[in-house]
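**Q** Here's a sequence, model it:
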Amino acid sequence: MTRARGVAAPPGRESPGGRHSSVVFSDDRQWADHLAAFVRSGLQKCEQVRYFADTTAPERVMRALTDAGIDAAGAVTRGQLSVSVAAQTCLACSGFDPDAMIGMWFEAADAACAAGYRGLRAIGEMSWGARDIAGADRLLEYELRVHEEVFARLPLTAWCFYDRRLMTDEYVGLLASAHLTHRGEPHAGPALRVTPLADRPGLRMSGSAGYDTRDTVAAAAAVISGASDRQRELDLAALRHIDAASLAVLADAAAGQPGGSPLKVWQAPSPLRRLLQLFPELSSVVEVVDR
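**A** Residues are numbered from 1 along each chain as shown. Just a heads-up that it's a prediction; the model follows:
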């Protein structure tokens with residue numbers, strides 16, 4: 001269960017966008033360097049650090065930290081560091097559930113603060129998203145939701161590890177693009193990129209929305225459908241094209257929301273404006289706003 005919306009962001013911390021980063025790498029050295037830098041910083045800042053492994057053995061994580069000069073064993077002993085396997089945590093029971101995962105972050109952050117730490121810091125290996133795991137199709141939805149629902153509210157810093165050896169470039173690009181901060185190797189931009197708005201609740205869509213990107217549109221629609229009234233905003237300044245089916249999916253998501261407020265669309269591209277002329281009934285749930 002997620003917490004009520006509107007909780008104030010923790011004072012004096014880096015912006016939510018800067019605390020949720022994608023990390024793309026393609027060899028073991030890069031993995032170890034990112035790992036050591038992240039964990040060392042968390043230990044120095046008196047944060048609790050958690051590593052959620054997928055394909056990496058926990059013993060290997062500990063060995064890499066020790067090789068980097070970090071007293072990993074001591075951190076584990078005092079409860080500041082833990083290394084667990086995703087299959088036993090976020091993927092336990094019936095697979096991946098974004099709502100359950102968001103609730104887990106609140107519980108974990110509360111526990112870290114109750115133990116006297118200044119916050120929680122976590123790494124998650126995301127390679128499981130490319131496998132046939134129940135709920136993996138909702139991973140993009142989750143990545144888009146956590147900016148507002150988690151990082152704007154909790155003393156949490158998390159890096160999502162994307163290993164190019166285990167995932168296609170297309171899939172890496174799609175998921176990495178859902179983060180506002182990127183580290184490691186550059187990634188190819190997907191045909192349709194969806195990213196949380198940095199300065200207010202909502203989403204930014206860029207590229208082209210059509211049949212080939214229907215899964216991405218569905219993820220954006222899921223965020224809109226589950227959002228509070230103030231979160232139904234889309235910035236489409238960089239969207240080149242959208243087809244009727246994609247617009248209908250987004251409009252249906254807004255129409256199903258209680259409250260009756262339309263989906264506010266900033267800088268709508270000309271194809272969307274033409275569709276609203278062809279289907280005027282959509283104007284009741286889609287409001288075009290020009291800056």
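
**Q** which SS class is the nearest residue in space to Asp169 that is not next to it in sequence?
**A** Spatial nearest neighbour of Asp169, chain neighbours left out: Ala188 (5.4 Å); criterion: C-beta to C-beta, 6 or more residues apart in numbering. No exception for glycine: its C-beta is placed from N, CA and C like everyone else's. When the structure is reduced to helix, strand and coil (DSSP: H, G, I helix; E, B strand; the rest coil), Ala188 reads as coil.

**Q** Kindly confirm whether my reading is correct that Ala188 touches Arg164.
**A** No: using C-beta atoms under 8 Å, Ala188 makes no contact with Arg164, being 10.5 Å away.

**Q** Give me the common contacts of these two.
**A** Val172 (C-beta atoms under 8 Å, 6 or more residues apart in numbering).

**Q** Neighbour count for those two, which is higher?
**A** For the pair Ala188 and Arg164, the greater number of neighbours falls to Arg164 (18 against 11), based on other C-beta atoms under 10 Å.

**Q** Flag the shaky bits of the stretch 101-250 of the chain, pLDDT-wise.
**A** Within the stretch 101-250 of the chain, the stretches with pLDDT under 70 are 227-231.

**Q** hmm, try it at 50
**A** Within the stretch 101-250 of the chain, not a single segment meets pLDDT under 50.

**Q** For Pro271, list the residues it contacts.
**A** Counting by C-beta under 8 Å, 6+ apart, Pro271 makes contact with 241-243.

**Q** Now, of these, which are buried?
**A** The neighbour-count test (16 or more other C-beta atoms under 10 Å) applied to the contacts of Pro271 identifies 242-243 as buried.

**Q** Out of the contacts of Pro271, list just those in strands.
**A** The strands in this structure, assigned by DSSP state E, contain 241-242 from those.

**Q** Asp235 - how many residues pack around it?
**A** Neighbouring residues of Asp235 were enumerated by other C-beta under 10 Å; the total is 21.

**Q** returning to that earlier point: phi first, then psi, for the residue nearest to Asp169.
**A** Per-residue torsions, Ala188: phi -70, psi 140 (degrees, to the nearest 10).

**Q** Please apply the same query to Val76.
**A** Listed backbone geometry of Val76 is phi -70, psi -40, with angles given as degrees, to the nearest 10.

**Q** ok, now how distant is it from Phe106?
**A** When C-beta to C-beta, to the nearest Å is the yardstick, Val76 and Phe106 sit 24 Å from each other.

**Q** which stretches of the protein form strands?
**A** Taking DSSP E as the criterion, the chain carries its strands at 20-25, 48-53, 81-85, 120-125, 156-163, 181-184, 192-196, 203-209, 233-235, 239-242, 263-266, 286-289.

**Q** can you list those strands in a markdown table and add distance to Ala218?
**A** Formatted as a markdown table, the entries for the strands of the chain read as follows, by distance: least, C-beta to C-beta, whole Å:
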| stretch | distance to Ala218 |
| --- | --- |
| strand 20-25 | 21 |
| strand 48-53 | 26 |
| strand 81-85 | 29 |
| strand 120-125 | 23 |
| strand 156-163 | 21 |
| strand 181-184 | 24 |
| strand 192-196 | 11 |
| strand 203-209 | 11 |
| strand 233-235 | 15 |
| strand 239-242 | 14 |
| strand 263-266 | 15 |
| strand 286-289 | 17 |
